[in-house]
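below are the sequence and a predicted model; questions follow.
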Amino acid sequence: MSESIPSKKELETKLSALEAELKQAQKRIRILNIISEVDRSLTLELNLDPLLHKILAGAVKVTDASAGSLLLLDELTDELVFAVVEGGGGESLQGTRIASDKGIAGWVATNRQPLIVDDVNKDNRYYHSIAANFDIRLTSLICVPMISRTKLIGVLQVMQNTPGRYFGPVEQELLNSFASKAAISIENARLYKSLKEERDKLVIVEDEIRKRLARDLHDGPTQFVAAIIMNMEFIKEVIERSPEYAPDEVDKTLILARKTLKQLRTLLFNLRPITLETQGLIPALEVYTERLQETDKLKVNLSVKQEVDRLSSRAEIAIFAVIQEAVNNAKKYARNARIEIVLQPDKKEDLLTVAIKDNGQGFDVQAVRQRYDKRGSLGMINMQERIEAINGHLKIQSEIGKGTEVIFTLPIRENLLENLKET
């Protein structure tokens, strides 16, 4: 029995079905290529801004959307910030902030769940004032949270401007996959940026220390050594011509040598105070202030209101370094400076308060903070970070013409040497 020959209509139907399958296969291949390309970019890119643009561009492509936006959570202000906007002329939104619980993006951030909205104009969560920044009239969208290790990073959303064209579960799954990878990549990029900034700060601090050491050596010991050499040459001539004057010249040279030795010891103490390691904070501060008065001719008063227990090496080094930094700033900017260093332990409140006050020219604290990335404010950053590392809090008070006061507090019990030994 011979098989019946398909009719033209049947063949056309099968051909249409095959063409539809082919289109779907081509679409899947295109999507896989985009995902592969973006995955490669996310792996290689460590700079945050280019990374964010690549994430959003890939998300818009893979979902065949008209526009998209990526919002990052600002944990300090609890706001969502438009970090990148693509398509639809909405680029002017970059930097715009919205409350983290407002709008569709806020709902997704708060509930940490993806959301498909078929008609944004019928959704009372829709931010019409934000949408007005686009050149196109948005109709539907998908918004998904970006989460890394349970931490909310932000939200990723894509939009359509064609009526009747909706997003479905496939696009949502694709966007979810993008958001998961994006969150991890953003965290890595932030970590890289933070490490790079720390490295740059360390390089600058190291350079400043070298310059300070070179300046201190040049202004003190180097000149004394040069004078000693000249004196020795002169003593040779004195011995040959008038030996009776030689003892006086030798005594003068010995005085110079002792001054040189004292200055070198002061420099070494400032670089690495052995007293701090062997005897603790208070004896080290006593030696430090004595040397400041002898060598630098500074008026320094150290006041310890009550007995201060030995703290951990980490805590004592941090406290000493911050006091040094504050004193160095006073020396640098205050003529004929008078410096007060006060340590006030309060065991009842479990707090040690340290204050360093000078009568110098003062400065605009806010202006210096705004220049945090420049050398002039690195000292302030270093002090802040050292105290925060031992769970303390630092405050700088200063006004032009009224001197400066650096005050910081830290918990005593958790920084005690005994407690750390027990653990």
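Received the coordinates, thanks.

C-alpha from now on. contacts and neighbour counts both.
Fine.

so which strand or helix has residue 159?
strand 151-160 (DSSP states H and E).

which residue ranges of the stretch 151-300 of the chain form strands?
Along the stretch 151-300 of the chain, counting by DSSP state E, counting those that start in this stretch, strands occupy 151-160, 299-304.

so which of the ones you listed is the most packed in?
strand 151-160 (a mean of 24; mean count of other CA atoms under 10 Å).

can you tell me what sits against that strand?
Strand 151-160 has contacts (CA atoms under 8 Å, 6 or more residues apart in numbering) with 56, 59-60, 63, 65-73, 80, 105, 108-109, 112, 138-147, 166, 175, 179, 183, 186.

one more pass at 6 Å, please.
65-73, 138-147 (CA atoms under 6 Å, 6 or more residues apart in numbering).

as TSV, the strands of the stretch 151-300 of the chain with distance to residue 317 would be great.
Compiled in TSV, these are given as follows (distance: least, CA to CA, whole Å):
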stretch	distance to residue 317
strand 151-160	34
strand 299-304	17
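
buried stuff in stretch 92-106?
Using 16 or more other CA atoms under 10 Å as the test for burial, stretch 92-106 gives 93, 94, 97, 98, 100, 101, 102, 103, 104, 105, 106.

taking those one by one, which sit in strands?
Counting by DSSP state E, the part of these found in strands is 97, 98.

could I get the buried residues of stretch 92-106 as TSV with distance to residue 307 and pLDDT?
Shown next, in TSV, are these (distance: CA to CA, whole Å; pLDDT from 0 to 100):
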residue	distance to residue 307	pLDDT
93	58	86
94	55	88
97	50	92
98	51	90
100	48	90
101	50	90
102	53	89
103	57	91
104	58	92
105	55	92
106	53	93
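
from the centroid of the chain, which residue is nearest?
residue 194 (5.2 Å; CA atoms, centre = their mean).

where does the closest residue to residue 188 other than its chain neighbours sit: helix, strand or coil?
What sits nearest to residue 188 in space, not counting adjacent residues and going by CA to CA, 6 or more residues apart in numbering, is residue 46, at 7.2 Å. What DSSP: H, G, I helix; E, B strand; the rest coil gives for residue 46 is coil.

what is the neighbour count of residue 46?
19 (other CA atoms under 10 Å).

ditto for residue 66
Residues near residue 66, counting by other CA under 10 Å: 18.

list the contacts of it.
Contact analysis of residue 66 by CA under 6 Å, 6+ apart lists 159, 160.

ok, 7 Å please
87, 88, 159, 160, 161 (CA atoms under 7 Å, 6 or more residues apart in numbering).

so how far is residue 167 from it?
As judged by CA to CA, to the nearest Å, residue 66 and residue 167 stand 12 Å apart.

domain ranges for this protein, per the record?
Segmentation of the chain into domains, based on automatic domain parsing, reads 19-191, 273-423.

can you add distance to residue 247 and give the ones you listed back as CSV?
Formatted as CSV, the domains of the chain follow (distance: least, CA to CA, whole Å):
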stretch, distance to residue 247
domain 19-191, 66
domain 273-423, 27
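
for those, which one sits closest to residue 223?
domain 273-423 (14.9 Å; CA to CA).

ok so, going back, nearest to residue 211, out of the domains of the chain?
Residue 211 lies closest to domain 273-423 among those, at 12.9 Å (CA to CA).

pLDDT of the strand holding residue 159, averaged?
Strand 151-160 carries an average pLDDT of 92.

so what are the sheet partners of that strand and their directions?
Strand 151-160 pairs in its sheet with strand 67-74 (antiparallel), strand 140-148 (antiparallel), by DSSP bridges.

C-alpha coordinates for the shortest one, PDB please?
Think strand 67-74. The C-alpha trace of strand 67-74 is given here as PDB (Å, rounded to 0.1, in the frame of the first residue of the first chain):
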ATOM      1  CA  ALA A  67      16.200  49.600  27.800                       C
ATOM      2  CA  GLY A  68      17.700  48.700  31.100                       C
ATOM      3  CA  SER A  69      19.100  50.000  34.300                       C
ATOM      4  CA  LEU A  70      21.300  48.700  37.100                       C
ATOM      5  CA  LEU A  71      20.900  50.200  40.600                       C
ATOM      6  CA  LEU A  72      23.400  49.700  43.400                       C
ATOM      7  CA  LEU A  73      22.500  49.800  47.100                       C
ATOM      8  CA  ASP A  74      24.200  52.500  49.100                       C
END
